[in-house]
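1. Structure here, sequence nowhere to be found:
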């Protein structure tokens, strides 16, 4: 047993967090875009909190959440469509080569 039980180090064969993030970004490039859009929309809506007029606070926060989620879901949908298109175009190219 180790004397220093509070210290944890990842195994040598595992990637660091930044390497894993970069690998995932290369696989799905629109996920970071969706996350960034989500954060930008949320920050802007919170910044505009004082200019909400007579709207209740709860309604303003619900609209903020919906707008932020729409950015994230939109990026996921665009990523899915891009992946399907890429896979379809690869199959189409392979199909024409076989003929």
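-> Noted; the coordinates are in hand. These numbers come from a predicted model, not from an experiment.

2. correct me, but residue 38 touches residue 74?
-> No: using C-beta atoms under 8 Å, residue 38 is not in contact with residue 74, being 9.7 Å away. Heads up, the C-betas are built off the backbone N, CA and C, glycines and all.

3. residue boundaries of the helices in this structure?
-> Under the criterion DSSP state H, the chain contains helices at 17-27, 30-47, 57-98.

4. Check these for me and report the most buried one.
-> Of all the helices of the chain, helix 30-47 carries the top mean neighbour count, a mean of 15, counting by mean count of other C-beta atoms under 10 Å.

5. got a list of contacts for it?
-> Contact partners of helix 30-47, identified using C-beta atoms under 8 Å, 6 or more residues apart in numbering, comprise 24-25, 60, 63-65, 67-76, 78-79, 82.

6. let's see 7 Å
-> 25, 64, 67-68, 71-72, 74-76, 78-79, 82 (C-beta atoms under 7 Å, 6 or more residues apart in numbering).

7. Helix 17-27 and that helix, what's the angle between them?
-> Here helix 30-47 runs at an angle of 110 degrees relative to helix 17-27 (axes from the mean of the first three to the mean of the last three C-alpha atoms, to 10 degrees).

8. per-residue confidence averaged over helix 30-47?
-> Mean pLDDT, helix 30-47: 86.
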